[in-house]
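>>> Fold the stuff below for me.
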Amino acid sequence: MGEQPIYSTRAHVFQIDPNTKKNWLPTSKHAVTVSYFYDSTRNVYRIISLDGTKAIINSTISPNMTFTRTSQKFGQWADSRANTVYGLGFSTEHHLAKFAEKFSEYKEAARLAKEKSQEKMEMATSPSQESPSGELVSPLTPVTPPMENINGTDEICDTTPNSDTRPEPVQNALAFAHSPAMTKHWEAELEALKGNNAKLTAALLESTANVKQWKQQLAAYQEEAERLHKRVTELECQSNQTPVIKSQKTELNQTIEELENTLRDKEEEMERLKEELENMNDLMEQKDALTQKLEETELRGRVLEEQLAGAEQRLEENQEEQENFRKSLRTLLELLDGKIFELTELRDTLARLIEEAS
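I've put the predicted structure just below:
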């Protein structure tokens with residue numbers, strides 16, 4: 001089955017500042033999906049989160065990890081393998097409590113899986129460790145008494161026949177033990193056994209060195225397998241996130257279309273504003289022309305006002321002259337009236353004189 005998501009939620013992801021080890025650095029601009037994954041082939045639980053195609057959390061849960069709730073909506077845990085501290089900010093306290101509950105549950109499951117794995121490894125490795133020692137010790141077991149009793153005691157003869165499993169009378173054994181030929185024979189056997197022991201010891205040392213080398217190679221292979229597995233997991237996560245990426249792509253396309261429409265509207269508005277600006281320039285030119293004409297009109301008005309003032313002054317002078325002329329006329333009329341009255345009286349007087357003379 002491989003690695004499958006078993007629980008997912010959404011949260012804002014943070015990492016501790018590697019320089020200050022105090023401040024939180026946001027690794028996502030918005031809330032992202034944070035999932036627990038379970039690998040059934042390796043009995044491993046991991047916390048994985050992707051921001052687009054970038055893995056911002058890739059933390060393998062180990063039994064010594066602890067998830068700490070530092071506030072009502074924020075929690076954190078330290079990952080020694082990644083050499084960092086992850087922080088999650090949730091939208092509600094319920095989501096934080098659920099995530100912490102799952103963390104404890106999967107941490108306990110990881111502990112049990114690790115214990116079972118260690119038991120299996122111990123059971124698998126214990127026979128392979130005992131069998132070489134048994135093979136090495138069993139040939140040396142009959143040799144040990146002769147090496148310890150090389151000083152010529154009687155036990156050397158008793159022990160060697162017992163090791164060959166050939167029951168003989170005690171008298172024959174003693175005769176063989178005191179025979180110089182048998183002594184040389186057993187000394188030769190002892191030397192042969194010492195040579196075999198040295199060869200076996202060298203083989204044991206060589207096998208131990210090979211085991212160390214094989215362990216180093218195994219560790220290197222395990223690291224490479226872990227790296228490849230992480231890469232496969234990231235690729236699987238990316239494949240699992242394909243619908244989300246597609247939806248995000250659709251949303252981005254819609255946003256791009258909206259922005260393009262907005263851009264077109266803005267361009268149309270800019271064209272309209274340019275036209276209005278050109279009209280404003282025309283209006284400004286007309287305003288300048290009208291201002292110039294107004295200045296010329298005001299200048300002509302001032303000239304006309306001066307002319308009007310001169311005309312009014314002349315009019316006043318003419319009015320004064322006319323008034324003086326009227327006064328002169330009235331004076332002349334009065335004089336004429338007096339003269340006419342005198343002439344009338346003179347006529348009447350002449351008429352009376354004429355009548356009287358006639």
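>>> Poorly predicted segments of this protein, please.
For the chain, applying pLDDT under 70 flags the ranges 1-2, 124-179, 207, 236-245.
>>> Longest strand in it, please.
Ranked by residue count under DSSP state E, the longest strand found in the chain is strand 3-16.
>>> Which positions in that one come out as buried?
For strand 3-16, burial by neighbour count (16 or more other Cβ atoms under 10 Å) applies to 3, 7, 9, 11-16. For glycine as for every other residue, the C-beta is placed from the backbone atoms N, C-alpha and C.
>>> So which of these is the closest to Leu193?
Using Cβ to Cβ, Glu3 comes nearest to Leu193 of the buried residues of strand 3-16, at 56.3 Å.
>>> show me the contacts for the nearest residue to the closest one once chain neighbours are set aside.
Closest residue to Glu3 apart from its sequence neighbours, by Cβ to Cβ, 6 or more residues apart in numbering: Asp39 at 4.3 Å. Contacts for Asp39 (Cβ atoms under 8 Å, 6 or more residues apart in numbering) come out as 2-3, 45-46, 229, 233.
>>> what's across from Asp39 in the sheet?
Glu3, Val44 (DSSP bridges).
>>> Reformat the contacts of Asp39 as CSV; add distance to Glu206.
Below are the contacts of Asp39 laid out as CSV (distance: Cβ to Cβ, whole Å):
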residue, distance to Glu206
Gly2, 40
Glu3, 41
Tyr45, 41
Arg46, 40
His229, 33
Thr233, 40
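>>> of the residues you listed, buried ones?
Buried by 16+ other Cβ under 10 Å: 3, 45-46, 229, 233, out of the contacts of Asp39.
>>> which stretches of the protein form strands?
Per DSSP E, the chain carries strands over the ranges 3-16, 24-26, 32-39, 44-51, 54-60, 68-69, 74-79, 84-89.
>>> With respect to Ala192, which of those lies nearest?
Ala192 sits nearest to strand 44-51 of all these, at 53.5 Å, using Cβ to Cβ.
>>> And the contacts of the closest one?
With Cβ under 8 Å, 6+ apart, strand 44-51 has contacts from 3, 13, 27-29, 32-39, 55-61, 86, 106-107, 109-110, 113, 233, 237-238, 241.
>>> Report the buried members of these.
By 16+ other Cβ under 10 Å, the contacts of strand 44-51 give 3, 13, 27-28, 32-39, 56-61, 86, 106-107, 110, 113, 233, 237, 241 as buried.
>>> and stretch 283-298, how far out from the chain's middle?
On the basis of Cα atoms, centre = their mean, to the nearest Å, stretch 283-298 sits 62 Å off its chain's mean C-alpha point.
>>> Show me where the stretch 101-250 of the chain has its helices.
Counting by DSSP state H, counting those that start in this stretch, the stretch 101-250 of the chain has helices at residues 144-148, 155-164, 170-177, 180-240, 242-357.
>>> how about the ones you listed, which one is nearest Ser117?
helix 180-240 (12.8 Å).
>>> Format the buried ones among the contacts of Asp39 as JSON lines; extra columns: distance to Asn210.
Shown next, in JSON lines, are those (distance: Cβ to Cβ, whole Å):
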{"residue": "Glu3", "distance to Asn210": "34"}
{"residue": "Tyr45", "distance to Asn210": "35"}
{"residue": "Arg46", "distance to Asn210": "34"}
{"residue": "His229", "distance to Asn210": "27"}
{"residue": "Thr233", "distance to Asn210": "33"}
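>>> Can you say which two of those are spatially most distant?
Pairwise distances across the buried ones among the contacts of Asp39 peak at 13.6 Å for Tyr45 and His229 (criterion: Cβ to Cβ).
>>> who's in contact with the residue nearest to Thr70 when sequence neighbours are not counted?
With Cβ to Cβ, 6+ apart as the criterion, Thr70 has its nearest non-adjacent residue at 6.1 Å, and that residue is Gln76. The contact partners of Gln76, taken as Cβ under 8 Å, 6+ apart, are 67-68, 70, 85-88.
>>> so which of the buried residues of strand 3-16 comes closest to Thr183?
Distance to Thr183, by Cβ to Cβ, is smallest for Glu3 among the buried residues of strand 3-16, at 71.4 Å.
>>> The closest one: what's it in contact with?
With the criterion set at Cβ under 8 Å, 6+ apart, Glu3 makes contact with 37-40, 46, 233, 236.
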